[in-house]
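Enquirer: No letters, just coordinates:
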């Protein structure tokens, strides 16, 4: 009886399931692609922002009488669709962080789970129930939980970043969340106690947070643009380069046409205030660049960059420090997708998917 030595290759994966390396491999697999309904949330959030924050405020008296009712109906539909799809996408996306991410210690995972539960429940109550049942306390809890989640996700992305540039993007997300949270706390404090230093500190924190938001839109572009030399990557880059001058020209024409109303429209769409009265044209470059990069990344072949593109477009749809539940949800989901793409690109097989 002869001995036969099998030359079949060993099974792929970690040799010791359940170890830290196995958890990191599982996180890399799950975080490399978008969670369910993420792109549906992107399209619905962009449509909601375009209708509710751009078209409806920009309508003239004659057009408003004709188009107000159908546009309002479509705007409500897009808002509800973005909220419901976003809740599902955010729930699945956060579940991967809680189960597999090695960027959090056990205490941080519990903290992430607690704030995720508070935020998801608050957004669900505000979305699924009547507006009269949504109290001011629920809104404040949702805003605070959202900014804590943004700062935690940004910190996790900075820890798991494979390079300096990705780490800067993660730190910008974290700094934006902390600045918005402190700004909201100082604003509440200024309503309780009228002190000049509280008002000044609130304005400083708001300016810092808005600066982080604008710089984030600029610095996220290299993470989104397709970098390959294949045909699909080249066509995606060409589409982005074609959209960029169109977006810049459209914003310039809107400023010349609307004149003083342009600043108000820009505030409705992005909730920015730092330069909106003195030089609103300064916002054109980061907004147009993020829009063009988001389109190019969404058309590219790479799953990780498509996820970052979806996060960038969600940040554009939400604007800076939103208050409404739907846009607040889009903001958190956008940072989550960017953080997932950063960490996934730093996994052992993430370089192959770039």
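Expert: Nice, thanks for sending it over. Bear in mind the structure is a predicted one, so any value in this text is a computation, not a measurement.
Enquirer: List the residue ranges of the stretch 101-250 of the chain that fall below the pLDDT cut-off.
Expert: 101-104, 130-136 (pLDDT under 70).
Enquirer: Going along the chain, name the helices of the stretch 51-200 of the chain.
Expert: 56-58, 61-100, 106-128, 136-159, 164-192, 196-219 (DSSP state H, counting those that start in this stretch).
Enquirer: Let's have the ones you listed in a markdown table, adding distance to residue 324.
Expert: Bear in mind the C-beta positions are built from the backbone N, C-alpha and C, glycine included. As requested, the helices of the stretch 51-200 of the chain are exported to a markdown table (distance: least, C-beta to C-beta, whole Å):
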| stretch | distance to residue 324 |
| --- | --- |
| helix 56-58 | 14 |
| helix 61-100 | 8 |
| helix 106-128 | 9 |
| helix 136-159 | 9 |
| helix 164-192 | 15 |
| helix 196-219 | 17 |
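Enquirer: right, and those - which one's nearest residue 265?
Expert: Closest to residue 265 of the helices of the stretch 51-200 of the chain, according to C-beta to C-beta: helix 56-58, at 5.9 Å.
Enquirer: and that closest one, what does it pack onto?
Expert: helix 61-100, helix 260-270 (3 or more C-beta pairs under 8 Å, 6 or more residues apart in numbering; DSSP states H and E).
Enquirer: Can you tell me which of those helices has the worst average pLDDT?
Expert: Looking over the helices and strands packed on helix 56-58, mean pLDDT reaches its minimum on helix 61-100, with a mean of 83.
Enquirer: per-residue confidence at residue 54?
Expert: 87.
Enquirer: from memory residue 78 sits against residue 42, does it?
Expert: No. Using C-beta atoms under 8 Å, residue 78 makes no contact with residue 42, being 11.6 Å away.
Enquirer: The two: who's more crowded?
Expert: residue 42 (29 against 21; other C-beta atoms under 10 Å).
Enquirer: That one touches residue 310, doesn't it?
Expert: Yes. Contact criterion C-beta under 8 Å: residue 42 and residue 310 qualify, at 5.1 Å.
Enquirer: Next, residue 161: phi, psi?
Expert: Reported as degrees, to the nearest 10, the phi and psi values for residue 161 are phi -70, psi 140.
Enquirer: what's the burial count for it?
Expert: Considering only other C-beta under 10 Å, residue 161 is surrounded by 21 other residues.
Enquirer: so what's it up against?
Expert: 167, 169, 170, 342, 343, 346 (C-beta atoms under 8 Å, 6 or more residues apart in numbering).
Enquirer: neighbour-wise, which of the residues you listed leads?
Expert: Going by other C-beta under 10 Å, residue 342 tops the contacts of residue 161 with 33 neighbours.
Enquirer: That residue: which element?
Expert: Using DSSP states H and E, residue 342 falls within helix 325-345.
Enquirer: so for that helix, what's the average pLDDT?
Expert: 92.
Enquirer: what's the closest of the contacts of residue 161 to residue 294?
Expert: residue 169 (14.4 Å).
Enquirer: now the closest one: how far from residue 328?
Expert: Per C-beta to C-beta, to the nearest Å, residue 169 is found 21 Å from residue 328.
Enquirer: ok, now residue 140?
Expert: Counting by C-beta to C-beta, the gap from residue 140 to residue 328 is 12 Å.
Enquirer: So between those two, which is more surrounded?
Expert: Set residue 140 next to residue 328 and count neighbours by other C-beta under 10 Å: residue 328 wins out with 25 against 14.
Enquirer: Against residue 286, how distant is residue 204?
Expert: Applying C-beta to C-beta to residue 204 and residue 286 gives a distance of 21 Å.
Enquirer: correction: residue 152
Expert: Taking C-beta to C-beta, one finds residue 152 at 24 Å from residue 286.
Enquirer: Tell me which of these two has more neighbours.
Expert: residue 152 (24 against 21).
Enquirer: Could I get the contacting residues of the more buried one?
Expert: Counting by C-beta under 8 Å, 6+ apart, residue 152 touches 104, 108, 111, 112, 115, 174, 177.
Enquirer: May I ask which of those has the most neighbours?
Expert: Neighbour max across the contacts of residue 152 (other C-beta under 10 Å) = residue 177, 26 neighbours.
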